[in-house]
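Asks: Could you work out the structure for the sequence below:
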Amino acid sequence: DAEMTPQYYEARRSVANVASGSIDQGADWTKFFQGKLPQKVGTVLLLLALSRVGTYIPIDGVDRAAFAAQMNQGGMMSYVDTLSGGSISKLGIFSLGIVPFINSSIIFQLLSSAIPELQKLQKEEGLAGRRKFNQLQRYGALGFAVVQVIDGFRFDF
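Replies: Now for the predicted structure:
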């Protein structure tokens, strides 16, 4: 039987040890922290902290009172501010965050069900089609970001 290899028996022994509670209590954590996972988690946490700090660094050239009045009126920018967790109303350098990308992603997913060419690109053309679809999403995100920035800078001095 091909299933009865030494690796199979070793895996069964380790599962049995875990189930019976006879695990080595002196586990070496240094091996874990030398792996790739803690480095990746640390990188994500560092980038998250950097993006949060960037929302509090103010941008110049915007009339904050007029911008606040516009946000209090409601409308589309108020909705986008709500989606960004209120970072747009802070007028920081990273205020847009990932909102333009999320909006673009949602719209392209909806369009792919309505436009057969996008659906074919996404599902039937393999890796190259998915890359092209992702590239179109990124262009859409750039468009959303430009529109949001232009709308934000309507409140110049």
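
Asks: what's the residue closest to the geometric middle of this protein?
Replies: Centroid-nearest residue in the chain, with CA atoms, centre = their mean: residue 98, separated by 6.6 Å.

Asks: Need the per-residue pLDDT for it.
Replies: Looking at residue 98, its pLDDT is 80.

Asks: try residue 33
Replies: 78.

Asks: ditto for residue 27
Replies: 62.

Asks: residues in contact with the residue lying closest to residue 92 once chain neighbours are set aside?
Replies: Nearest non-adjacent residue to residue 92, counting by CB to CB, 6 or more residues apart in numbering: residue 55, 3.9 Å away. Where you see a C-beta, it was placed from the backbone N, CA and C, and this is true even at glycine. The neighbours of residue 55, taking CB atoms under 8 Å, 6 or more residues apart in numbering as the test, are 87, 90, 92, 93, 94, 95, 97.

Asks: Which of the residues you listed sits closest to residue 42?
Replies: residue 94 (20.0 Å; CB to CB).

Asks: Give me the three-state assignment for the closest one.
Replies: coil (DSSP: H, G, I helix; E, B strand; the rest coil).

Asks: can you pull the contacts of it?
Replies: 51, 54, 55, 57, 87.

Asks: Check the gap between it and residue 51 for me.
Replies: Separation of residue 94 from residue 51 (CB to CB, to the nearest Å): 5 Å.
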